[in-house]
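1. Dropping the sequence and predicted coords here.
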Amino acid sequence: MRILLLILAVLLAMSSATAEAQSPKRVFIVGDSTASEYGSERAPRQGWGMQLQSFLDPAAWQVKNHAQSGRSSRSFIDEGWLKPVEASLTRGNVLLIQFGHNDEKAEDPTRYNEPAQAFPQWLMRYVALAREKGATPILITPLARRKFERGSKIDQLLDTHGAYSIAVRELAKREQVGLIDLDAASTAWLRALGDDASKPFYMHVPEQKLADDTHLQARGATAVACLVVGAWKTLDPALAKTVVRDTDCGARDTALADRAAQAHPSQVVHEADIARQQPGPHGGAGTTTAYPFFADAPGLSFFFRKRVLHKGAGIGMHQHDKDEVYYVVSGKGRYIMDGTIRDVGPGDAMLTRTGSTHSLMQAGEDDLVILLAYPKAAN
């Protein structure tokens with residue numbers, strides 16, 4: 001009987017372990033309005049926590065966003081917002097901890113924490129809770145405010161968190177806690193965007209007469225969630241296999257210097273300024289209009305073209321010494337490749353490999369508009 005009970009206990013333990021391994025892990029967010037949830041009545045305002053799940057495989061992670069608007073590390077606990085987290089947090093979970101905005105409000109003693117001692121002491125309450133529960137605490141510096149000062153050459157982004165971000169960094173180092181330096185990452189992101197171009201990410205909503213440099217719109221919440229997940233992956237490389245969106249976002253803190261040092265600056269052109277009337281290339285019939293985008297751009301390794309084949313026009317049959325891609329934007333055509341012919345239209349893409357032959361002719365009444373790309377010959 002004892003042996004049977006022992007076997008049953010082992011089987012139950014194995015079953016429980018298997019179920020735990022198969023169920024999604026949970027990531028809890030505690031923080032302020034820059035991370036919190038908002039209803040549709042507050043649209044387009046969103047906290048970055050609302051977009052975190054979109055980066056994570058729901059079969060692997062379940063986001064529990066407990067961040068609350070207007071709270072500091074002190075008032076979040078004093079008002080009881082931490083209690084449901086404490087009741088639910090278990091081994092294997094992750095606790096993301098981001099405060100600072102409201103801890104800075106010296107005019108409000110219910111929220112204010114001076115940065116040298118009180119702020120890290122309150123943050124330590126969250127770290128201790130996570131450790132007690134067997135969860136992983138990760139400290140996050142506060143999101144940068146979009147506060148630019150007009151300069152003679154370039155707008156300067158002001159550091160509005162100062163000692164508070166330093167306090168988070170020092171606590172993380174002292175306690176050997178994972179750190180996501182969102183202040184630094186979002187500062188680099190904002191500087192790269194610049195003053196005017198960063199407004200659509202924050203709550204600058206003219207139709208609502210809002211010019212809010214602290215809170216985010218959906219596109220900003222998504223961008224900041226991307227910064228958080230990208231930094232989290234650096235802390236835990238195993239996370240990458242459960243991330244379902246790319247996290248190549250933001251900018252290095254050297255972005256402005258890198259931009260200034262470019263040998264060849266980025267640019268924008270309009271097709272009307274580069275249009276060229278040409279006969280059908282490669283012995284093709286009729287008249288075409290070519291748009292040789294960035295043909296003279298130094299250092300570019302490929303050609304990118306738009307070509308309009310007007311009624312009756314075509315690209316003559318020719319054999320390829322390079323790979324080439326055609327994409328049909330609009331109109332209809334007949335494409336001949338290696339002795340086969342087929343009708344093509346909007347959405348069709350054609351890849352011609354080195355050694356193949358091809359030809360293209362316009363069909364019907366409308367112009368055939370194509371985009372094409374191919375490598376430049378090596379010098």
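-> Cool, got the structure.
2. Can you report how many residues lie near the closest residue to Y112 other than its chain neighbours?
-> Take Y112 and drop its neighbours on the chain: the residue closest to it by CB to CB, 6 or more residues apart in numbering is A106, 5.1 Å away. All C-beta spots, glycine's among them, are computed from the backbone N, C-alpha and C. A106 has 10 neighbours, counted by other CB atoms under 10 Å.
3. so how far is M317 from D323?
-> Distance check for D323 against M317: by CB to CB, to the nearest Å, it reads 17 Å.
4. correct me, but A144 touches T187?
-> Yes - with contact defined as CB atoms under 8 Å, A144 counts as touching T187 (4.5 Å).
5. For the two, work out which one has more neighbours and name it.
-> Set side by side, A144 and T187 show more neighbours around A144, with 27 against 23, by other CB under 10 Å.
6. What confidence value was assigned to the more buried one?
-> pLDDT, A144: 98.
7. so it is in which element?
-> Taking DSSP states H and E as the definition, one finds A144 inside no helix or strand.
8. how far away is it from K199?
-> Distance, A144 to K199, using CB to CB: 14 Å.
9. rewinding a little: what's the overlap in contacts for A144 and T187?
-> Common neighbours of A144 and T187, using CB atoms under 8 Å, 6 or more residues apart in numbering, are L157.
10. all helices of the chain, in order?
-> For the chain, the helices defined by DSSP state H cover 2-22, 73-78, 83-88, 118-133, 163-175, 182-193, 195-198, 218-235, 255-260.
11. averaging pLDDT over each of those, which comes out lowest?
-> Taking the mean pLDDT of the helices of the chain, helix 2-22 comes last: a mean of 52.
12. quick revisit: ok, which of the helices of the chain comes nearest A211?
-> Closest approach to A211 among the helices of the chain is made by helix 195-198 (12.1 Å; CB to CB).
13. where's the closest one relative to the chain centroid, distance-wise?
-> Mean-position distance between helix 195-198 and its chain equals 17 Å (CA atoms, centre = their mean, to the nearest Å).
14. What of stretch 49-64?
-> 14 Å.
15. Outline the domain layout of this structure.
-> Per automatic domain parsing, the structural domains of the chain span 20-260, 271-375.
16. Spell out which residues sit in contact with R259, please.
-> So R259 contacts A192, P265 (CB under 8 Å, 6+ apart).
17. And it, how far from D321?
-> Following CB to CB, the distance that separates R259 from D321 is 37 Å.
18. again with L210
-> From L210 to D321 the distance is 57 Å (CB to CB).
19. When these two are compared, which one has more neighbours?
-> A direct count of neighbours by other CB under 10 Å for L210 and D321 places L210 higher, at 14 against 9.
20. any idea how far that one lies from H101?
-> 17 Å.
21. start to end distance for stretch 173-186?
-> Taking CA to CA, to the nearest Å as the measure, stretch 173-186 stretches 20 Å from start to finish.
22. mind listing what's buried in that stretch?
-> V177, G178, L179, I180, D181, L182, D183, A184, A185, S186 (16 or more other CB atoms under 10 Å).
23. Identify the residues contacting that stretch?
-> 96, 98, 100, 124, 127, 136-144, 161, 165, 168-169, 171-172, 224, 227-228, 230-232, 235-236, 250, 253.
24. and with 6 Å instead?
-> Stretch 173-186 has contacts (CB atoms under 6 Å, 6 or more residues apart in numbering) with 127, 137-144, 161, 165, 172, 227-228, 231, 235, 250.
25. And stretch 330-340, by the same measure?
-> With CB under 6 Å, 6+ apart as the criterion, stretch 330-340 contacts 341-346, 350, 356-364, 366-369.
26. can you check stretch 228-247 too?
-> By CB under 6 Å, 6+ apart, stretch 228-247 touches F55, D57, A60, G178, I180, C226.
27. Just the C-alphas of it, formatted as CSV.
-> Extracted in CSV, the C-alpha atoms of stretch 228-247 (Å, rounded to 0.1, in the frame of the first residue of the first chain):
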residue,chain,number,x,y,z
VAL,A,228,11.5,47.1,-23.1
VAL,A,229,11.4,43.7,-24.8
GLY,A,230,14.7,44.3,-26.6
ALA,A,231,16.4,45.1,-23.4
TRP,A,232,14.7,42.1,-21.6
LYS,A,233,16.1,39.8,-24.3
THR,A,234,19.6,41.1,-23.5
LEU,A,235,19.1,40.2,-19.9
ASP,A,236,17.6,36.8,-20.7
PRO,A,237,18.7,35.6,-24.2
ALA,A,238,16.4,32.5,-23.8
LEU,A,239,13.4,35.0,-24.1
ALA,A,240,14.1,35.4,-27.8
LYS,A,241,12.5,32.1,-28.7
THR,A,242,9.2,33.3,-27.2
VAL,A,243,9.3,36.8,-28.8
VAL,A,244,7.0,37.0,-31.9
ARG,A,245,7.9,40.4,-33.3
ASP,A,246,11.2,41.9,-34.2
THR,A,247,12.8,44.2,-31.6
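28. Flag every buried residue along it.
-> Within stretch 228-247, the residues scored as buried using 16+ other CB under 10 Å are V228, V229, G230, A231, W232, K233, L239, T242, V243, T247.
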